[in-house]
Every structure is written in structure tokens, then in C-alpha cells.
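**Student:** how would this look folded up:
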Amino acid sequence: MAEETDYEKILSDLQEERANLDRMIAWVKGRLAKTDPAEPTTVDSLIQKSISQPMRFPRTLKPDTFFKMSVQQAIRECLSLLKKPLSARDITNYLKSGGFTHKAKNLYQTVFPTLMRMKEKGEVDRLANGEWGLSEWYSGARRAEPESGKREPE
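**Tutor:** Reported below is the predicted structural model:
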């Protein structure tokens, strides 16, 4: 009798592999940004320069990391775990690979407006490059605005 194929396991493995590839691509882009522009850059030269500095990837997401969380909870958890600003597309992809349960036909169309509402509440900030980060990461960069109607002591 033929064994049944575990498509959920295959999908989970492929999503984890894609997430690892995305992290490697981001790492290489970061290395390229740190290289001397006058120096010709090749894959071999990047490998030689990075031998002494091991790659550091964010914690691998488990297939149930965001299971049964609200969209806001999952976004906060995703940014907290990865500890770096992400685009709305990347957040959407991480939520999918982390087992976020939803009924939306297009999860991105749920994530982006949620990020905008979270921004209005002061939970996240949108950076100039379009990426999103937790507001607590940038709290030292802005002044607290006085509440309306109250004067600051002189």
C-alpha cells in the first residue's frame, strides 16, 4: 500500500526554506552595503570577508508561532521576534509562515491597514524606506507632545 504524502510538512519545510533564503538575501545586501564601493565585489570576496563573522539570523519561526493570535498581536510578536524593521509584505509572509490563522483572501490587504491603525495608536512607526518597526524602538527619537488644553510649567 502506498504511503500518503504529508503536504503540510512539505509546505512547512518549503516556507521555512524560503524564510531562510530571504534572511540570507537580506544579509548579503547588508554586506554589500558595508563593502568599499571602490573595491570590486564578488561572491568570493564576500565569502572571504565574512568567514570571521558568522551569519546571524533571527530566530526561526515555528509553524505555530502566530497561531490563534489577533492581527495586531501577531504583528507585534513578529517584529519583536525578528528585532528589525520589516515591510508590510515581509510581515505578511512571516505571519503566513508562522501559522497565522485567517480567513482573508489576501492577507496583505488585512496587514497593511492594521499597520496604519497601529501607527495612529502609536504602536508602530513607519520608516522613510516604507518599513515598519515597533514605536518603542524609536521612543528616544521624539519628544512627548503635551496634552491639549494643558500648559507646560514655565
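**Student:** and whatever helix or strand residue 16 lives in, which residues are buried?
**Tutor:** Taking DSSP states H and E as the criterion, residue 16 maps to helix 7-34. Under the neighbour-count criterion of 16 or more other C-beta atoms under 10 Å, helix 7-34 has 12, 15, 19, 23, 31 buried. Placement of C-beta: from N, CA and C, glycine included.
**Student:** same list, the residues you listed, but as CSV with distance to residue 88 and pLDDT please.
**Tutor:** Listed next are the buried residues of helix 7-34 as CSV, based on distance: C-beta to C-beta, whole Å; pLDDT from 0 to 100:
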residue, distance to residue 88, pLDDT
12, 23, 79
15, 18, 83
19, 16, 81
23, 18, 80
31, 25, 70
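**Student:** quick check, nearest of those residues to residue 102?
**Tutor:** residue 15 (15.2 Å; C-beta to C-beta).
**Student:** contacts only, for the closest residue to the closest one other than its chain neighbours.
**Tutor:** Computed as C-beta to C-beta, 6 or more residues apart in numbering, the closest residue to residue 15 that is not its neighbour in sequence is residue 97, at 4.1 Å. Neighbour list for residue 97: 15-16, 18-19, 61, 63 [criterion: C-beta atoms under 8 Å, 6 or more residues apart in numbering].
**Student:** ditto for residue 126
**Tutor:** Applying C-beta under 8 Å, 6+ apart, the residues contacting residue 126 are 115, 119, 132.
**Student:** now, the residues you listed that are in helices?
**Tutor:** Mapping the contacts of residue 126 onto helices (DSSP state H) picks out 115, 119.
**Student:** just among the contacts of residue 126, which is most surrounded?
**Tutor:** residue 132 (24 neighbours; other C-beta atoms under 10 Å).
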